[in-house]
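K.L.:
Could you look at this predicted model? Sequence included:
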Amino acid sequence: MRAVAITLATLVSLSAAASASAQYFGRNKVQVESFDFRVLPTAHFDIYYYPAERDAALDAARMAERWYDRLSKALDHTLVERPPIILYASHAHFRQTTVVDGLLPDGIGGFTDHNRGRVVLPFTGGLGETDHVLGHELVHAFQRDILKRAGRSIALLPLWFTEGMAEYLSVGTLDPNTQMWMRDGVDQDRLPTLAELDHPKWFPYRYGQALWVYLSGRFGETLAARALVSTAKGGAIGRLTAVTGVDAAVLSRDWHASLKETFGRHEPVAHTTSIVTVGAGKGAGRVNIAPALSPDGTQIVFLSERDGYSIDVFLADASTGSVIKKLVSTAADPHFDSLQFLESAGAWNQDGRRFALASIQRGHPVVTILDMPGGDVLRERTFPDLDQIFSPAWSPDGTRLAFSAMRGGTSDLYELDLEHDALRRLTADAYADLQPAWSPDGRTIAFVSDRYTASLPSLTFGEYRLAALDVETGVARALPFIPNVKHIDPQWLGGALYFIADANDVSNVYRLDVATGAFQQITDAREGVSGITALSPALSVSRGGRLAFSEYERGAYEIRVMSVPNSLSSTNNLSTTGDTEDTGAKKVLTSASPVSPVVESSASTPAPPLTSVDSKPYPRKMSLSGLGQPYLSAGGGMLGGFFRAGMSFALSDLLEQRQLQTAVQVGGSVTDFAVQTAYVNRQSRWNWAVVGGQIPIVIGDSRFVASGEAMTRETQVARQIHRQLSGMAMYPVSAARRFEVSAGAHAIAFDRELATQVYSATTGRLLREGKDRMPGGRAVMLIDSAAALVYDTSVFGSTAPVLGTRYRLEAASTVGDLSFVTLTADYRRYLMPIKPVSIAFRIEHVGRYGTGAGDPRLIPLVWTLRDLVRGYDPRDVLTTARMTVANAEVRVPIVGPFGRLSGSHALPIDALLFADAGALDTATRTRTMLRSVGAGVRLNAGGFVFEFDAVRLLDPTPQGWTLAVNFHPGF
């Protein structure tokens, strides 16, 4: 029997280093911009920003200090540390952050990391929204500081506790968006108990916020502070029961009763016109948003996750609601980084032959014009000088596009002349300017702004209202408004504007007669007309007299289409006001929506001035950023006893642009010492690293020899000491494609030992033993270089990829004492012919070619054959010099988010059928053919994937069924 022992350092040698550079596959975080950060110290924070966003960063610094004053009072706490606040001018820039390694989806608007307390967020379309996100994240900074002082971690508390508290303290009440969720829960009689809030189906932000509003209204505004410092056992629920003195079941019951009393079932007014739900039925998905009706009202484009793996663009028949086709697929399409589905919707031109869509591609904002109804791309215009673009709108003559765009942390309106490719800035200030809509005569653009309710000197913010911009002069004027409610998503029809307002805390469609200033309520949604956020586009009106809107109901966003009515038959027309100044009045709050006195008293408090606006260069010093769990292990086996102990640690700068990561392991002898160190630099689009270390590898072979009355056990232990120093670099062309290059020196020393043990054949008693050193082979010095092209658009299901394509093409040259070339070609394809069944294919070749290809002193090309051809023992693969494998697998989700069965604690499980084949060649061209077929299951247990298979081996001759176990995701 042959045994192989590899030190743990081998496993961490590159995983902790070089990030994407060391990944075999994986999508890329593309750092399109090189941000020259500076640091602005304030009284309690260090603000990290770059020059392009300086003015907005100064405003954010003032808002942060105002939040410190609010939260230190609300939580009765003074921060021990100075939290760093890292600002990005837009979400497109935020996606490029190096603070975290992973890709940031559109739904993450900021984060506070638990390890170093960094608050990281982008500016949004309006400073008021940025102020809210900043306040939310600073609540987490306070939570972390309070718990850390008590020797506890915020990571151990559930999201409904921490995120719900952050929403409550940063909003102060139940805002209309959260009320919409609570009404839906009451109407469906589906409200979670405290014990059920951990389940992901209960959105922690909304339900957690509603719970904290109720608890604070009942038990006092100091409840959050008392709950954070509580030492009660039982987790978050234990804290709440301890500080309230009420049992969890009673708290749940009373909370539910309060919600039902406040949001009793609402019977909507019946419409006199029929309503069509777009894409209804099986497979409709739960997120259908951003409707855009064609000018004649016969077709509608919308965004949906109906395919289950991404937000895509669909075309549907507006009369029947049936989906015609998918126009844009983002799941496995490397073209689009983001469709910005939270902030943007597309638009048709006036003849219905073109459709404009804003997106992020390769880190830059792009407007894509599609030919309709086919969906072919006619034109793409990139805007490298802008940060993001939202909601393009066509001029009536089809020659211009208006849109809102982010630049330097604020939003403004722009106009693109399509014929001359000329860009014109229409507004230029720090107010939010969003969602433009051309008037039918092309002379005016209606848009959404906070310029009539916000004060930039004091940085106080009010509701969004409608404004009208004269395209020729650039002068904006306020339109009539309903007091104290938001006005968003304007849409022209004749001389009227249709828009969404949240009068009475319920978002509905309203009509404004621009000439008379009269308002009419058009819809009476049960829960609310809304996109995913309170400001998401959710309305479209066609010239043909149809209206489409997304409505939240039964836990899903659905798109309704109806003929435009004059008004609801029973509605009361709302009186207009010509007053364009903010009256300062507040919304009437329901009994379940008490405003936190601390937040209410400071809601109109001006942000304090900065004592200094002087900044300093970003300090690039590194400090301890991570410490791995030390370990100690000992045992024995066929190669004898062993002892190992090790640890790992990491140093980095605050932005994680430079990292130094080290893993160390010691054993029973000097030759067992292992160390691996990697320096990683991610300051630019080129990511590079230097890696060095020593890795011992032990290969053993043991056998028994009978001789008369004695049994001799001979154990040969061959030890290789690999010492390496190499450099590598990675350049991401896009999120899907990258180039990798590397070069380095590799020295291999050899040592061999023969251990002999002689036993009595009759009694089994050990008679004698000894160890002899043997020639281990001449040391080898090698110079390695390699280049690779990597492509990955795969979409992961619960246990394996289910959509997309992956491939890796690599050539590596080795010269020195041995000379050979290593070629790698690995292609994988994932198809989904019938949702949710996927078919996966892989064909892979890895081979060493040249005079030194078969040298036994090299690290084996294949370690674990069961990862490639299931069911076979790996004992005979260590001498393989070339390998070709092919795999086919059918994957069917059974349990989990993509399966037919699910449960609150169910582990995701996929069933699979497979066929594997492999050809293994030695350097002397001896070939071994291996084939197997079988079936199995693959399950995901907390991120660890286990595979259990029933396998039938077909080579060298067909054999019976056997059980095989693997511990990795599907290929």
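P.N.:
Cool, the structure landed.
K.L.:
where's Y618 relative to T112, distance?
P.N.:
20 Å (C-beta to C-beta, to the nearest Å). Heads up, the C-betas are built off the backbone N, CA and C, glycines and all.
K.L.:
So if I had to pick from these two, which one is more boxed in?
P.N.:
Taking other C-beta atoms under 10 Å, Y618 and T112 do not tie; T112 has more neighbours (24 against 17).
K.L.:
Let me see the contact set for the more buried one.
P.N.:
Residues near T112 by C-beta atoms under 8 Å, 6 or more residues apart in numbering: P83, R118, V119, V120, E137, H140, A141, R144.
K.L.:
Closest to V313 out of those?
P.N.:
Distance to V313 across the contacts of T112 (C-beta to C-beta) is lowest for V120, with 29.6 Å.
K.L.:
how about the helices of this structure, start to end?
P.N.:
Here the chain has its helices, by DSSP state H, at 8-12, 54-74, 91-94, 127-149, 159-171, 176-187, 204-219, 223-229, 235-244, 248-262, 597-602.
K.L.:
Please determine how far the closest residue to A812 other than its chain neighbours is located from D855.
P.N.:
Closest residue to A812 apart from its sequence neighbours, by C-beta to C-beta, 6 or more residues apart in numbering: A786 at 3.7 Å. Per C-beta to C-beta, A786 is found 18 Å from D855.
K.L.:
Repeat that for P480.
P.N.:
84 Å.
K.L.:
between those two, which one's more packed in?
P.N.:
P480 (21 against 18).
K.L.:
Quick check: chain neighbours aside, which residue is closest to the more buried one?
P.N.:
G517 (4.0 Å).
K.L.:
Run a quick neighbour tally on R526.
P.N.:
R526 has 17 nearby residues by other C-beta under 10 Å.
K.L.:
buried stuff in stretch 492-502?
P.N.:
Residues of stretch 492-502 classed as buried: W492, L493, A496, L497, Y498, F499, I500, A501, D502 (neighbour count, 16 or more other C-beta atoms under 10 Å).
K.L.:
Sitting in strands, which of these do you find?
P.N.:
Within these, residues falling in strands by DSSP state E are W492, L493, A496, L497, Y498, F499, I500, A501.
K.L.:
which one of those residues sits closest to A663?
P.N.:
Distances from A663 to those, taken by C-beta to C-beta, are shortest for I500, at 54.8 Å.
K.L.:
Distance check, the closest one against T277.
P.N.:
From I500 to T277 the distance is 18 Å (C-beta to C-beta).
K.L.:
now R443
P.N.:
36 Å.
K.L.:
now swap in N966 and tell me
P.N.:
44 Å.
K.L.:
cool, and G626?
P.N.:
G626 is 50 Å from T277, by C-beta to C-beta.
K.L.:
count of neighbours near the residue lying closest to N28 once chain neighbours are set aside?
P.N.:
Among residues not flanking N28 along the chain, P732 sits closest, at 3.6 Å (C-beta to C-beta, 6+ apart). Applying other C-beta under 10 Å, we find 23 residues neighbouring P732.
K.L.:
Specify the beta-bridge partners of P732.
P.N.:
Beta-bridge pairing of P732 under DSSP bridges involves R738.
K.L.:
ok, it - contacts?
P.N.:
P732 neighbours (C-beta under 8 Å, 6+ apart): A20, N28, K29, V30, Q31, R685, N687, R738.
K.L.:
Kindly state the pLDDT recorded for the fifth one?
P.N.:
As predicted, Q31 sits at a pLDDT of 93.
K.L.:
I figured it was touching R95, is that so?
P.N.:
No. In this structure Q31 lies outside contact range of R95 using C-beta atoms under 8 Å: 9.8 Å.
K.L.:
remind me which residues of the stretch 801-950 of the chain are low pLDDT?
P.N.:
Scanning the stretch 801-950 of the chain for pLDDT under 70 picks out the ranges 874-878, 898-905.
K.L.:
just the chain next, same as before
P.N.:
Using pLDDT under 70, the flagged stretches of the chain are 1-22, 266-272, 566-603, 636-641, 874-878, 898-905.
K.L.:
Need the nearest residue in space to P51, chain neighbours excluded.
P.N.:
D36 is the one closest to P51 (C-beta to C-beta, 6+ apart), at 6.5 Å.
K.L.:
separation between the one you found and A919?
P.N.:
Distance from D36 to A919, by C-beta to C-beta: 53 Å.
K.L.:
ok, now N484?
P.N.:
74 Å.
K.L.:
same check, this time on E415
P.N.:
For E415, the distance to A919 - C-beta to C-beta - is 62 Å.
K.L.:
Between the two, which has more neighbouring residues?
P.N.:
Using other C-beta under 10 Å, the more surrounded residue of E415 and A919 is E415, with 21 against 17.
K.L.:
Verify the stated contact: that one with L401.
P.N.:
Yes. Under the criterion of C-beta under 8 Å, E415 makes contact with L401 at 7.2 Å.
K.L.:
can I get the contacts of T112 in CSV with distance to T611?
P.N.:
Formatted as CSV, the contacts of T112 follow (distance: C-beta to C-beta, whole Å):
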residue, distance to T611
P83, 18
R118, 23
V119, 20
V120, 24
E137, 23
H140, 26
A141, 21
R144, 26
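K.L.:
one step back: what's near enough to touch the residue nearest to A812?
P.N.:
So A786 contacts E740, V741, S742, A743, E810, A811, A812, S813, T822 (C-beta under 8 Å, 6+ apart).
K.L.:
for A92, same thing?
P.N.:
A92 neighbours (C-beta under 8 Å, 6+ apart): D337, S338, I360, G363, H364, P365, D387, Q388, M406.
K.L.:
Excluding covalently adjacent residues, which one is nearest to the fourth one?
P.N.:
Translated: G363. Nearest one to G363, counting by C-beta to C-beta, 6+ apart, is V32 at 3.0 Å.
K.L.:
what number of residues lie near that neighbour?
P.N.:
Around V32 there are 16 other residues, counting by other C-beta under 10 Å.
K.L.:
correct me, but it touches R95?
P.N.:
No. V32 lies out of contact with R95 (C-beta under 8 Å); the separation is 9.4 Å.
K.L.:
and for those two, which residues touch both?
P.N.:
Joint contacts of V32 and R95 (C-beta under 8 Å, 6+ apart) are G363.
K.L.:
tell me the domain ranges of this structure?
P.N.:
Using automatic domain parsing, the domains assigned to the chain come out as 157-265, 275-563, 793-971.
K.L.:
Is it possible to get CSV of these that adds distance to R719?
P.N.:
Converted to CSV, these look like this (distance: least, C-beta to C-beta, whole Å):
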stretch, distance to R719
domain 157-265, 48
domain 275-563, 45
domain 793-971, 12
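K.L.:
quick check, nearest of the ones in strands among the buried residues of stretch 492-502 to D817?
P.N.:
I500 (73.4 Å).
K.L.:
Does that closest one touch I482 like I think?
P.N.:
No. Counting by C-beta under 8 Å, I482 is not a contact partner of I500; they are 11.4 Å apart.
K.L.:
which residues sit in contact with G960?
P.N.:
Applying C-beta under 8 Å, 6+ apart, the residues near G960 are R952.
K.L.:
distance of it from Y679?
P.N.:
53 Å.
K.L.:
repeat for W212
P.N.:
For W212, the distance to Y679 - C-beta to C-beta - is 45 Å.
K.L.:
for M63, same thing?
P.N.:
For M63 relative to Y679 (C-beta to C-beta), the value is 37 Å.
K.L.:
same check, this time on P565
P.N.:
67 Å.
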